[in-house]
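Chemist: I need the structure of the sequence given here:
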Amino acid sequence: MLARLMTYSLLGIDAVAIDVEVDISPGALPKTTLVGLAEAAVRESTHRIERALVNSGYQRPVDHTVINLSPADLPKDAASFDLPIALGMLVASGQLESDLLQDFDAVGELALDGSLRPVKGVLSMALSCRQKGRRGLIVPAANVQEAAVVEGIQVIPAGSLTEAAGFLTGQLPIEPAPFSWTKAQQEYGQYTVDYSDVKGQESAKRAVVVAAAGGHHLLMIGSPGTGKTLLASRLATILPPLSPDESLETTRVYSSVGRLQPGQPLLMNRPFRTPHHTISEAGLVGGGSVPTPGELSLSHHGVLFLDELPEFNRKTLEVLRQPLEEGRVTISRALASLTFPASTMLVAAMNPCPCGYRGDPRKQCNCTPIQVERYLGKISGPLLDRLDIHIEVPPVPFRDLSDAQPGTSSDQMRSQVISAREIQQERARQGGQPLNARLAPQQLRKFCKLKKDAEQLLQHAMESMGLSARAHDKLLRISRTIADLEGTAQIEAHHLSEAINYRALDRTYWR
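Modeler: Below you'll find the model as predicted:
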């Protein structure tokens, strides 16, 4: 007897529909054959499924069983095929009859006792299920909140193979899982840190506001203990709340690599990722024999913080250049080319020299000019050019540390950022970009009009500082953001002057 049903397999962060066909031939030699380019994790599942059937009270097929996973040319490497294969074996052996299999798909990993374990990528699978026009999806109970966020399909939680079979036969009614955006936001959308914790550093906070308002990449240079990490770790708190679409996009990445917290339906806060400097290229931008997202994609719609920037392998840092410009990562392999989202704010921090105290009034620097040059030379010019804003973070005076008054709060800074981004959203409706940092050259000419004195100032800065054409465009983008923070339609000289100050380290450190 032949049974057919549908399931899904991850390809990158997307889910691909897979047809599961199970055929049992009576009278043939007892054997189970699995075909369809199944990798080791899938091939081994037949033993697990057979024991799960027996331990759940069903009979294991004793005839020749052929399991086909189609399309046959797509590699399949996941345990999520366990539940659909088991259901197919029950139907093909005559132990289960259900018309609901024509409308409901299934995913899930089986334990030997027949219970269902969570699988990766359920959110993408639910989205693909809706796209296919299916009625619903049966998922492990531990994945139900993650899949329930997808509207338009019924998400059925099952704790075991028996429960899934009972739902399909109508013997066990299971209500589709509900989802409440408001409830999820209240439970998972709160930050535990605030910029009011940062004493002093008001000029650095101003630069952080400018960076957040326009989506600009930021480089902070300062001695150890000046607050660089403290400033970076709170940047996500001043970004606008994730929209439902942004939350869905980011959660898909986390779901595909199994990084969601148990029971958490969506990422409600913007991600903040801080990889160690020993990270590999694949770990940073994604890769592997079966490509998976890296830290750059895990920080999608959030912040990627690289502390001690010169300590990272230079070759590893260089792979960031193209993704930072394009907002996505493309990884090509022999069988497929996968694209992962990577629209992130890069924030980097570093010391001014190997010992860390160059220019620090508190301690003397003993580094030689050659040591300093070699240290700074670990960061290439092209990568430095892609970091829009460069600031120095000076030591905090004692009077600021002892001040009982809190510093500028995240709420105050966020209100400025949101106001500036609303202006950019309105400009995007006129053919611009949602973020100033993404403005194309032709859009710069349209939206970055300079007053005459500002134009003269820009010309002088380009000639005196020897800035590149890319730096010229970045000055215009940063100036546009500063003007948006003031609600000014045209870029004035003082807007451009502040933007130039954010590029002054080009000549201070990398002359």
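Chemist: in the stretch 201-350 of the chain, which spans are strands?
Modeler: With strands called from DSSP state E, counting those that start in this stretch, the stretch 201-350 of the chain shows them at 218-221, 272-273, 303-306, 328-332, 337-341, 345-350.
Chemist: how about those, which one is nearest residue 408?
Modeler: Closest to residue 408 of the strands of the stretch 201-350 of the chain, according to Cβ to Cβ: strand 218-221, at 16.9 Å. The C-beta positions use only the backbone N, C-alpha and C, and glycine is treated the same way.
Chemist: sorry, back to before: mind putting the strands of the stretch 201-350 of the chain in CSV, mean neighbour count and distance to residue 64 included?
Modeler: Putting the strands of the stretch 201-350 of the chain into CSV (neighbours: other Cβ atoms under 10 Å; distance: least, Cβ to Cβ, whole Å) gives the following:
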stretch, mean neighbour count, distance to residue 64
strand 218-221, 25, 63
strand 272-273, 20, 50
strand 303-306, 25, 53
strand 328-332, 17, 40
strand 337-341, 18, 37
strand 345-350, 25, 57
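Chemist: Could you dump the ones you listed into a markdown table with distance to residue 6 and mean pLDDT added?
Modeler: Putting the strands of the stretch 201-350 of the chain into a markdown table (distance: least, Cβ to Cβ, whole Å; pLDDT from 0 to 100) gives the following:
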| stretch | distance to residue 6 | mean pLDDT |
| --- | --- | --- |
| strand 218-221 | 46 | 96 |
| strand 272-273 | 35 | 97 |
| strand 303-306 | 37 | 97 |
| strand 328-332 | 27 | 90 |
| strand 337-341 | 22 | 91 |
| strand 345-350 | 39 | 96 |
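Chemist: Give the helix, strand or coil label for residue 471.
Modeler: helix (DSSP: H, G, I helix; E, B strand; the rest coil).
Chemist: The one 4 residues further on too?
Modeler: Classification of residue 475 using three-state DSSP returns helix.
Chemist: Please, which helix or strand holds the spatially closest residue to it that is not a sequence neighbour?
Modeler: Leaving aside its sequence neighbours, residue 475 sits nearest to residue 499 (Cβ to Cβ, 6 or more residues apart in numbering; 5.0 Å). Here residue 499 sits within helix 493-501, counting by DSSP states H and E.
Chemist: doesn't residue 448 make contact with residue 477?
Modeler: Yes: in this structure, residue 477 is within contact of residue 448 by Cβ atoms under 8 Å, at 7.4 Å.
Chemist: Between the two, tell me which one has more neighbours.
Modeler: residue 477 (24 against 20; other Cβ atoms under 10 Å).
Chemist: Past the longest strand anywhere in the chain, which element shows up next along the chain?
Modeler: In the chain, with assignment by DSSP state E, the single longest strand is strand 14-25. Scanning forward in sequence from strand 14-25 by DSSP H and E, the next helix or strand is strand 31-35.
Chemist: What residues sit buried inside that next one?
Modeler: Neighbour counts over strand 31-35 (16 or more other Cβ atoms under 10 Å) mark 32, 34 as buried.
Chemist: what does the average pLDDT come to for the following helix or strand past that strand?
Modeler: Using DSSP H and E, the helix or strand that follows strand 31-35 in sequence is helix 40-43. Helix 40-43 shows a mean pLDDT of 85.
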